[in-house]
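S.K.: Below are the sequence and a predicted model; questions follow.
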Amino acid sequence: MLYKKKWPLLIFVVPSLIFMLLFLYIPFIENIKNSLYDMTTIVELPGTKWRFIGLENYKKLLTDTDLRIAILNSFKMMVLTVIFEVGIAFVLAVMVSQIKKLQQVFRTVYFFPIVISATAIGLLFKLFYNYNGGMLNQILESLGKDPVNWLQPSTAFIMICIPTLWSYVGFYFVIILTGLSDISDDIYEAAAIDGCSKFKQVFYITLPMIKPVLMTSVTLAVTGALKVFDLPWVIAPNGAPQGITHFLGTYMYQTSFALNNYDYGSVLALIIVIFGVIVSKGVGFITESREEKEERRRKKHVQRRKA
Amino acid sequence: MKNKVLSVLLVAAMAASLLAGCGNNDGKKDTSGDSKTPSTESNAGNDDKSGDDNQEASANPVTLKTVSMFGGTDPNAEVYQAINEEFMEANSHVTIEDNSQTSDEDWKASVATSFSAGNEPDVIQYFTDATADAIVATGKFVTLDEIRAEYPEYAQDTLDSSLEAITNTDGVQRAVPTTGFWEGLFCNKDLFDQYNLELPTDWASLTTAIETFKENGIIPIACSLNNVPHYWIEFMMLYAAGEEEYTSIPETAPEGWVKGLETFKTLRDMGAFPEDTDTVDDAYVGQLFRDKKAAMQLEGSWYAGQIEDTDNTVVIAFPGLDGQKAKAGAMIGGITSGFYITKKAWDDPDKREAAVKFVEAHTCKSAVQRYWEITGAISKAAVEVDSIDGMTPMALSAMQYTNAASSVSSPTDGRLGSAAYSSLVSNIVKISVGSMSAEDAINEALEIYRNGASASEAATE
């Protein structure tokens, strides 16, 4: 045992626990309770009493077409996040780790987009995409071409994904770079002596050794993609155009605060949490190492034997 | 030993910093530190100042918490703050803690939260139509009759018709108005002259104008269907359905309403709206209009303050629809906001006097004259205002329009309430591309209205 007396632990842990209880867990339970009522205002005002509607909101989930679009878009975003955010971050990290001289400069440059507020990036890209006088259309017009409506239904999703993915590459870049620095150079030297090319080194040495770091990044990326809100909302609020770019996060915000349908918004928030849990458990399951898989199976076997 | 003491001190400091955010409020239900409700500093101020001796009632220092919708870049905000300063100079024992914001859905939610947490302001300038129903139902506002029993000259400058207009949906008058609004079609006359077009007076001339502008690369109508299609909703429903059907609350979607909203698709197919109307917001299309890239914009009297080119911009009546049922020149407008005094202020004898004087300072003839003038002298004033010399062509056209209005109807959101109306607004884009029928959208909104109405009935039983 690390500490003989446990009470110092309690002093440090209890305040945060109280804080989380008050501001996270209790509101979460309240949220589930609220979803069973028809909320007319955001809090129950003294003169009104909310009508109890039971599972009506949950039934509505099954018939809501906008929700289906939102779930589909969120899953698409998850896949794109893993491939592009984590993927590009990995490639950049590997390349930057090979550089000796300007490594610090590149680290700063690639990390910088995270520091900029997502709302600012969203507004910036919105100005780029403007049909009348946006930067992209100005470039097109100066080349003599017709202006393009970048946020038309066929291209809107991609146009929204580009800044969303771009802004967070730096985050995973830094995480993976740190993980890479943990791999000792001896292994690379040994491989080089054995005639392993740089490219094969990445596959056979780097990837396996930073697997835990990559898996953490993938889990973070996937759960982040599920909740993404600020950038899509600023560029295309209310699922514009024509309800095509709904994401779970923006759809929940629209339902609660634009449409004042707070109870249904509470249900959507709950759905996001449930999806988040399922997805992160799923990622953990898919990516667990062979040893962990065998450990899990062994434990199940032992439990079955006991029962 | 030293380390332990140090670490315990640090933990205590951290715990204390967590509690610093709590003020006099009921704690948990309060929104976060940077909330839009009156800050905790004003609570501390209250504790210091008004808890003192009550010897001379008139000289007791009073802190008045006020909230209004005159915030941001609203020209009214200038007048509001100026009147506040003058009031504090004239009444040196009163300190005004003001927390005004431009109204939007987030702000309305924060007002509701403050009322439910017992943190409401002393005086609030708020809506008087169905938007305010939930807050009126808390019973925290003092009625006009109650105030006049003590102060018979309260709101004496306000016109009777204006007071009638701000009656809450339960039939009781509580607020005192300053100005009302009207809605009309703003036109860039110079663009019309450039292409030899007459200002539209009926559906045919409107379609001619739209086609001509489209051919010449001018956006005919500046409107963001995704953000603020409200005014087109109102006028098209009014003209297609006629005044009586428009102002009713039907059981199912009436033919007039459906026909009105279907015109969104007609106009969109004609190319009347901007190419990116699905994704841009109202501020953007407003800029297009002011930059003379768009020819027409349906807006309200508040918009006049933002027009820079007042020589070449005019306001005219809505041209009309094919087979319209409303009279030509029918107008949408009304008075839907005013200053309320809350029971919190009324029950405190020091604050009562200050609050009454405060409202009178903002709603007397001279104050309303200032509010009326700062927004271009073209909104509807709640008192009898003196006309001013040298009115701009825009103001003159607006005056002609409002004086010649054949009928005045108040907009639908005041009757249906915000939940039902915002559902309708959110479906306009789908109606305009034909992926949802106008009938379904209206029925959806009406159902939300009925659910809300039955909820409040259940509450009063």
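M.R.: Okay, I see it.

S.K.: which phi and psi does the residue of the stretch 151-300 of chain A found nearest chain B have?
M.R.: In the stretch 151-300 of chain A, no residue comes nearer to chain B than A:Pro241, which is 3.2 Å away by C-beta to the nearest C-beta. The way it works is simple: take the backbone N, C-alpha and C, and place the C-beta from them, glycine included. Main-chain torsions, A:Pro241, degrees, to the nearest 10: phi -80, psi 140.

S.K.: any idea of the pLDDT on A:Phe285?
M.R.: For A:Phe285, the pLDDT comes out at 84.

S.K.: In terms of helices and strands, where is it?
M.R.: Taking DSSP states H and E as the criterion, A:Phe285 maps to helix A:262-287.

S.K.: who does that helix touch, helix- and strand-wise?
M.R.: Contacts defined by 3 or more C-beta pairs under 8 Å, 6 or more residues apart in numbering or on different chains; DSSP states H and E place helix A:262-287 against helix A:26-34, helix A:56-63, helix A:65-80, helix A:211-227, helix A:248-253.

S.K.: if we can go back for a sec, wait, doesn't the residue of the stretch 151-300 of chain A closest to chain B sit right on B:Val280?
M.R.: No: with contacts counted by C-beta atoms under 8 Å, A:Pro241 stays clear of B:Val280, the gap being 10.0 Å.

S.K.: Does at least one residue of the strand ranked longest in chain B sit close to chain A?
M.R.: Using DSSP state E, we find that the single longest strand of chain B is strand B:179-188. No: remark: strand B:179-188 sits outside contact range of chain A, by C-beta under 8 Å from any C-beta of the partner chain, the gap being at least 15.3 Å.

S.K.: Can you name the next helix or strand after that strand?
M.R.: helix B:189-194.

S.K.: That following helix and chain A in contact?
M.R.: No: legend: contact between helix B:189-194 and chain A by C-beta under 8 Å from any C-beta is lacking; minimum distance shown is 15.2 Å.

S.K.: to the chain's geometric centre, what's the distance from that helix?
M.R.: The chain centroid and the centroid of helix B:189-194 are separated by 31 Å under C-alpha atoms, centre = their mean, to the nearest Å.

S.K.: In the following helix or strand past it, which residues are buried?
M.R.: As assigned by DSSP H and E, the chain's next helix or strand after helix B:189-194 is helix B:203-215. The neighbour-count check on helix B:203-215 (16 or more other C-beta atoms under 10 Å in any protein chain shown) flags B:Trp203, B:Leu206, B:Thr207, B:Ala209, B:Ile210, B:Thr212, B:Phe213 as buried.

S.K.: now these in JSON lines, with pLDDT and distance to chain A?
M.R.: Below are those laid out as JSON lines (pLDDT from 0 to 100; distance: C-beta to the nearest C-beta, whole Å):
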{"residue": "B:Trp203", "pLDDT": "93", "distance to chain A": "26"}
{"residue": "B:Leu206", "pLDDT": "95", "distance to chain A": "22"}
{"residue": "B:Thr207", "pLDDT": "95", "distance to chain A": "23"}
{"residue": "B:Ala209", "pLDDT": "95", "distance to chain A": "20"}
{"residue": "B:Ile210", "pLDDT": "95", "distance to chain A": "18"}
{"residue": "B:Thr212", "pLDDT": "95", "distance to chain A": "19"}
{"residue": "B:Phe213", "pLDDT": "95", "distance to chain A": "14"}
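
S.K.: Closest one to A:Gln254 out of those, please.
M.R.: B:Ile210 (30.7 Å; C-beta to C-beta).

S.K.: how about that closest one, what does it touch?
M.R.: For B:Ile210, the contact set (C-beta atoms under 8 Å, 6 or more residues apart in numbering or on different chains) comprises B:Pro220, B:Ile221, B:Leu267, B:Met270, B:Gly271, B:Ala272.

S.K.: Tell me the one of the residues you listed nearest chain A?
M.R.: B:Gly271 (12.7 Å).

S.K.: Excluding sequence neighbours, find me the nearest residue to A:Lys76.
M.R.: A:Phe157 (7.4 Å; C-beta to C-beta, 6 or more residues apart in numbering or on different chains).

S.K.: pLDDT of the strand or helix carrying the one you found, averaged?
M.R.: Using DSSP H and E, A:Phe157 sits in helix A:156-181. When pLDDT is averaged along helix A:156-181, the result is 92.

S.K.: Which segments of chain B make up each domain?
M.R.: B:61-177+B:335-381, B:182-333+B:391-460 (automatic domain parsing).

S.K.: Looking at A:Pro241 and B:Val280, which has the bigger crowd around it?
M.R.: Using other C-beta atoms under 10 Å in any protein chain shown as the criterion, A:Pro241 and B:Val280 rank with B:Val280 on top: 27 against 22.

S.K.: Name all residues that make contact with the more buried one.
M.R.: A:Asn130, A:Tyr131, B:Ser224, B:Asn226, B:Asn227, B:Pro274.

S.K.: Just among those residues, which is most surrounded?
M.R.: Highest count within these by other C-beta under 10 Å belongs to B:Asn226, 26 neighbours.

S.K.: what kind of secondary structure is that residue in?
M.R.: Here B:Asn226 is recorded as coil under DSSP: H, G, I helix; E, B strand; the rest coil.

S.K.: what sits up against stretch B:357-366?
M.R.: So stretch B:357-366 is contacted by B:64, B:66, B:80, B:83, B:86-87, B:91, B:94, B:96, B:123, B:125, B:154-155, B:157-158, B:176-178, B:338-339, B:341, B:367, B:382-385 (C-beta under 8 Å, 6+ apart).

S.K.: Can you give me the buried ones in that stretch?
M.R.: B:Lys357, B:Phe358, B:Val359, B:Glu360, B:Ala361, B:His362, B:Thr363, B:Cys364, B:Lys365.

S.K.: quick one: the fourth one from B:Tyr151, how far?
M.R.: The gap separating B:Glu360 from B:Tyr151 is 8 Å, by C-beta to C-beta, to the nearest Å.

S.K.: rewinding a little: could the buried residues of stretch B:357-366 go into CSV alongside secondary structure?
M.R.: Formatted as CSV, the buried residues of stretch B:357-366 follow (three-state DSSP):
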residue, secondary structure
B:Lys357, helix
B:Phe358, helix
B:Val359, helix
B:Glu360, helix
B:Ala361, helix
B:His362, helix
B:Thr363, helix
B:Cys364, coil
B:Lys365, helix
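
S.K.: between those, which is nearest chain A?
M.R.: Out of the buried residues of stretch B:357-366, the member with the shortest distance to chain A (by C-beta to the nearest C-beta) is B:Val359, at 22.8 Å.

S.K.: could I get stretch A:51-70 in CSV with only the CA atoms?
M.R.: The C-alpha coordinates for stretch A:51-70 follow below in CSV (Å, rounded to 0.1, in the frame of the first residue of the first chain):
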residue,chain,number,x,y,z
ARG,A,51,-47.5,17.6,-18.1
PHE,A,52,-46.3,14.0,-17.6
ILE,A,53,-45.9,12.4,-21.0
GLY,A,54,-43.9,9.3,-20.1
LEU,A,55,-42.1,7.6,-23.0
GLU,A,56,-43.7,9.7,-25.7
ASN,A,57,-40.4,11.4,-26.5
TYR,A,58,-38.6,8.1,-26.8
LYS,A,59,-41.2,6.9,-29.2
LYS,A,60,-40.7,10.0,-31.2
LEU,A,61,-37.0,9.0,-31.6
LEU,A,62,-38.0,6.1,-33.8
THR,A,63,-39.9,8.2,-36.4
ASP,A,64,-37.7,11.3,-36.5
THR,A,65,-36.1,11.6,-39.9
ASP,A,66,-33.9,14.5,-38.9
LEU,A,67,-32.5,12.3,-36.1
ARG,A,68,-31.6,9.6,-38.6
ILE,A,69,-29.7,12.2,-40.7
ALA,A,70,-28.0,13.4,-37.6
